[in-house]
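Asks: Structure, please.
(2 chains)
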Number of protein chains: 2
Amino acid sequence: MTTSITGAVTVKEAQYFVGTLRVRQREEAASRATSSLQSIQILDDSDPQALATVLDSYDTFLFDCDGVLWRGSALLPGSTRTLALLRAQGKRLFFVTNNSSKSRAEYVAKFTKLNIPVDISEIVPSSWAAAEYVRIQYPEVKKAFVIGSQGLVDELNLVGVTSLCGADQSYATRCFATESDFLSAEIDKDVTAVLCGWDLTFNFAKLSLASLYLQRKPTAAFIATNKDAFDKLADRNIPGNGCAVAALEQSVGREAVNVGKPSRWLINYLLRTYNLNPRRTLVIGDRLDTDIQLGIAGGCDTVLVGTGCTTTEDALLEQEARKVGMPTYVLSHVGAFSLSAIPSKN
Amino acid sequence: MTTSITGAVTVKEAQYFVGTLRVRQREEAASRATSSLQSIQILDDSDPQALATVLDSYDTFLFDCDGVLWRGSALLPGSTRTLALLRAQGKRLFFVTNNSSKSRAEYVAKFTKLNIPVDISEIVPSSWAAAEYVRIQYPEVKKAFVIGSQGLVDELNLVGVTSLCGADQSYATRCFATESDFLSAEIDKDVTAVLCGWDLTFNFAKLSLASLYLQRKPTAAFIATNKDAFDKLADRNIPGNGCAVAALEQSVGREAVNVGKPSRWLINYLLRTYNLNPRRTLVIGDRLDTDIQLGIAGGCDTVLVGTGCTTTEDALLEQEARKVGMPTYVLSHVGAFSLSAIPSKN
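Replies: This is a model prediction of the structure:
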């Protein structure tokens, strides 16, 4: 999702995280030789040759957007230069985001506004992933109940699926004042899918109606654009789409399919559709639970950058605690890759 | 919570459930001698002596209300007679409900309207349980952020805790139209507890604000009046308080304490406060996941009746699948106990 962070993290700060991580890694190595942290390669901003070697090892780059290329509406330092360099080298680029509020067309507009050249086929928001999932897995679905926004509704429309709710403001203000209101709520018999995406106007009425559609048809498609627990906004965490999904799952005792990161379906779909070699594909992101796990699910190498959701150190501590997969590389910021082609200045 | 069920289940239907269960029990016994279902005593409506023997074995009776004594606003057959009989026998009665929308005072009004004599000290709604939990475990709390209704707010007031949100309609219609709205939302520094109870006007703004209070103070009291996944209303399931709780828990990565059924804290609190002997206490309810597990948690015997949320057969099948504790007895309806003192008519 789009975040507008006040107090931007500088490249220097990001480098500090990597520095701290190095100290910690040495301590770990001393006390616990088997520490799995040792398997992570720390990429050094001041070593253009090492960075160039990494880039040479991959043909395709899957970038997360917010916290990697930009933060909110502000580009992160060097990210455009890195993208330009990769294009000049003939690399294949994809931009994979769990933000479901925008359609691919809306993302093209955003990239263009930020002066990043992009083709619509390179953009993989979870709104589009959800629509593709419906198109492929549930070709019979013609109408869906959607918790989410216009971007998701638009992508569904493009695959021939009409929506109920979605960005319709009458649902945003709808309220079941009594249980009778709930009992008399009308159910559209043509709805055979429920999608749950990012929605600032999520409410009990939407939850109840989505739940009713899933009760009525236990085999209905039940799709989450992502299950992120929260997103970082300045010093606050805003509840993520995973919260609405958890409420809905709880109400029906059934799990939604997550088509966003780190979904195995998503990475396999991208690898297969675009005929990508996972061993030559690098996934770059700021989140362990989504970006890095997506890459691991697809058998791809991964880069964790320190410019986003958490510091790389915090992220790795968290990862170690949860015993989930580690990134292949840690890098201060994605702009560092642009230094691989120019002489080191420091 | 209060349910208004259309198409009431008759006593005959409830007896049918027990009959079906008996058939099933025989089949089970034939094919699988160790079936744990065998340990459940089926109480026979037409055997007043057996029913009298059961009543004689207990001094204290904990009744669930909705689905046991009444359904919505309609009393279930014989429930008042059973309560009158128990009072005549000098038994101690408690009415324990996960409905947090009413205060004890409001319940007294409801009992009175239904012509059931009751003392306020006998009523244990989860609104009161939550207030007691705060009073005992968090005596320093003076202000709470409350997802819930006036009944919960009233009970908190009685233990000296003021509330934010609660039944305040401005929160019901509040909407974070943008992420800036979320970022600029004001936080009351005096709030040191978050309570989540039944709320038909649950929405993203309430979720976000509750989440912010829990983020700000990770040691804040975090209390759920119950975690019921859903409640049955006619042929529909309405999302229960457990859905809002799940969303909130997801947003902060922290579990709420459940003070409603089947909370071990609740049953132990009742046993200790009223000096009850668990071996002489019988818990009677229509739900496995709340009523029966509450009794088991307290070391009490339990009765599952077939007049509520599910048929007793469905309930036991579900219970077997989930490998949770079984009830001590199964009974068609709570009114059957009133037959223990009068000659069998059929």
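Asks: Counting neighbours, what do you get for A:Trp128?
Replies: Neighbours of A:Trp128 under the rule other Cβ atoms under 10 Å in any protein chain shown: 27. In this view, the C-beta of every residue, glycine as well, is placed from N, C-alpha and C.
Asks: Could you confirm it falls within a helix?
Replies: Yes: looking at A:Trp128 with DSSP: H, G, I helix; E, B strand; the rest coil, it is inside a helix.
Asks: Report the residue spans of chain A with pLDDT below the cut-off.
Replies: Within chain A, the stretches with pLDDT under 70 are A:1-38, A:309, A:319, A:342-346.
Asks: What's the separation between the spatially most central residue of it and A:Asn241?
Replies: With distances taken as Cα atoms, centre = their mean, A:Asn98 lies nearest the centre of chain A, 3.1 Å away. Distance of A:Asn98 to A:Asn241, computed by Cβ to Cβ, to the nearest Å: 8 Å.
Asks: Repeat that for A:Leu76.
Replies: When distance is defined by Cβ to Cβ, A:Leu76 is 24 Å away from A:Asn241.
Asks: okay, these two: which has more neighbours?
Replies: Shown here are A:Leu76 and A:Asn241; by other Cβ under 10 Å, A:Asn241 has more neighbours (31 against 25).
Asks: so how many other residues sit close to the closest residue to that one other than its chain neighbours?
Replies: Excluding its sequence neighbours, the residue lying closest to A:Asn241 (Cβ to Cβ, 6 or more residues apart in numbering or on different chains) is A:Trp198, at 4.7 Å. By other Cβ under 10 Å, the residues close to A:Trp198 number 28.
Asks: tell me the phi and psi of A:Trp198?
Replies: phi -60, psi 130 (degrees, to the nearest 10).
Asks: Assess the claim that it and A:Gly148 are in contact.
Replies: Yes: look at A:Trp198 against A:Gly148 with Cβ atoms under 8 Å: they come within range, at 6.5 Å.
Asks: For A:Leu212, what is the enclosing helix or strand?
Replies: Using DSSP states H and E, A:Leu212 falls within helix A:204-216.
Asks: by how many degrees do that helix and helix B:204-216 diverge?
Replies: 100 degrees (axes from the mean of the first three to the mean of the last three Cα atoms, to 10 degrees).
Asks: How about the secondary structure of A:Pro77?
Replies: What three-state DSSP gives for A:Pro77 is coil.
Asks: For the stretch 201-346 of chain A, what lies in contact range of chain B?
Replies: With Cβ under 8 Å from any Cβ of the partner chain as the criterion, the stretch 201-346 of chain A meets chain B at residues A:201-204, A:207-208, A:211-212, A:215, A:229-230, A:233-234, A:236-240, A:242-244, A:246-253.
Asks: So which of those residues sit within helices?
Replies: A:204, A:207-208, A:211-212, A:215, A:242-244, A:246-252 (DSSP state H).
Asks: who wins for most neighbours among the residues you listed?
Replies: A:Ala244 (30 neighbours).
Asks: pretty sure that one is touching A:Thr201, no?
Replies: No: under the criterion of Cβ under 8 Å, A:Ala244 makes no contact with A:Thr201, lying 10.6 Å away.
Asks: Tell me the residues that contact both of these two, please.
Replies: Between them, A:Ala244 and A:Thr201 share these contacting residues under Cβ atoms under 8 Å, 6 or more residues apart in numbering or on different chains: B:Phe204.
Asks: Can you name the residues of the stretch 51-200 of chain A sitting close to chain B?
Replies: So the stretch 51-200 of chain A meets chain B at A:Ala172, A:Thr173, A:Cys175, A:Phe176, A:Ala177, A:Thr178, A:Glu179, A:Ser180, A:Phe182, A:Leu183, A:Asp199, A:Leu200 (Cβ under 8 Å from any Cβ).
Asks: Any of the residues you listed buried? List them.
Replies: A:Ala172, A:Phe176, A:Glu179, A:Phe182, A:Leu183, A:Asp199, A:Leu200 (16 or more other Cβ atoms under 10 Å in any protein chain shown).
Asks: Quick check: the farthest pair among those?
Replies: Farthest apart among these by Cβ to Cβ are A:Leu183 and A:Leu200. That separation is 27.7 Å.
Asks: what's the neighbour count on A:Ser46?
Replies: With other Cβ under 10 Å as criterion, A:Ser46 counts 12.
Asks: Kindly report the same for the one 5 residues further on.
Replies: Number of residues near A:Leu51 (other Cβ under 10 Å) recorded here: 23.
Asks: Just the residues contacting the helix or strand that the helix holding A:Leu212 is followed by, thanks.
Replies: Using DSSP H and E, the helix or strand that follows helix A:204-216 in sequence is strand A:221-224. By Cβ under 8 Å, 6+ apart, the surrounding residues in contact with strand A:221-224 are A:130, A:133-134, A:137-138, A:141, A:144, A:192-197, A:214, A:241-242, A:245, A:252, A:254-260.
Asks: which of these count as buried?
Replies: The buried subset of these - by 16+ other Cβ under 10 Å - is A:130, A:133-134, A:138, A:141, A:144, A:192-197, A:214, A:241-242, A:245, A:252, A:256, A:258-260.
Asks: where along chain A do the helices fall?
Replies: Using DSSP H, helices in chain A cover A:11-31, A:48-56, A:79-88, A:104-113, A:126-137, A:150-158, A:169-172, A:179-184, A:204-216, A:241-252, A:264-273, A:293-298, A:312-322.
Asks: who wins for proximity to B:Asp286 among those helices?
Replies: Nearest to B:Asp286 among the helices of chain A is helix A:179-184 (17.7 Å), distances taken as Cβ to Cβ.
Asks: Would you check that A:Ala336 makes contact with A:Leu43?
Replies: Yes: in terms of Cβ under 8 Å, A:Ala336 counts as a neighbour of A:Leu43; the distance is 7.0 Å.
Asks: Overlap in contacts, those two.
Replies: Counting by Cβ under 8 Å, 6+ apart, the residues touching both A:Ala336 and A:Leu43 are A:Leu51.
Asks: Looking at the two, which is more packed in?
Replies: Each of A:Ala336 and A:Leu43 has its neighbours counted (other Cβ under 10 Å); A:Ala336 has more, 26 against 21.
Asks: Nearest residue to that one in space, ignoring adjacent ones along the chain?
Replies: Per Cβ to Cβ, 6+ apart, closest to A:Ala336 is A:Asp45, 4.5 Å.
Asks: ok, that neighbour - contacts?
Replies: A:Asp45 touches A:Gln15, A:Leu51, A:Leu331, A:Ser332, A:Ala336, A:Leu339, counting by Cβ under 8 Å, 6+ apart.
Asks: got a markdown table for these, with distance to B:Leu86 too?
Replies: Output for the contacts of A:Asp45, formatted as a markdown table (distance: Cβ to Cβ, whole Å):
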| residue | distance to B:Leu86 |
| --- | --- |
| A:Gln15 | 74 |
| A:Leu51 | 80 |
| A:Leu331 | 72 |
| A:Ser332 | 72 |
| A:Ala336 | 76 |
| A:Leu339 | 82 |
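Asks: Thank you, goodbye.
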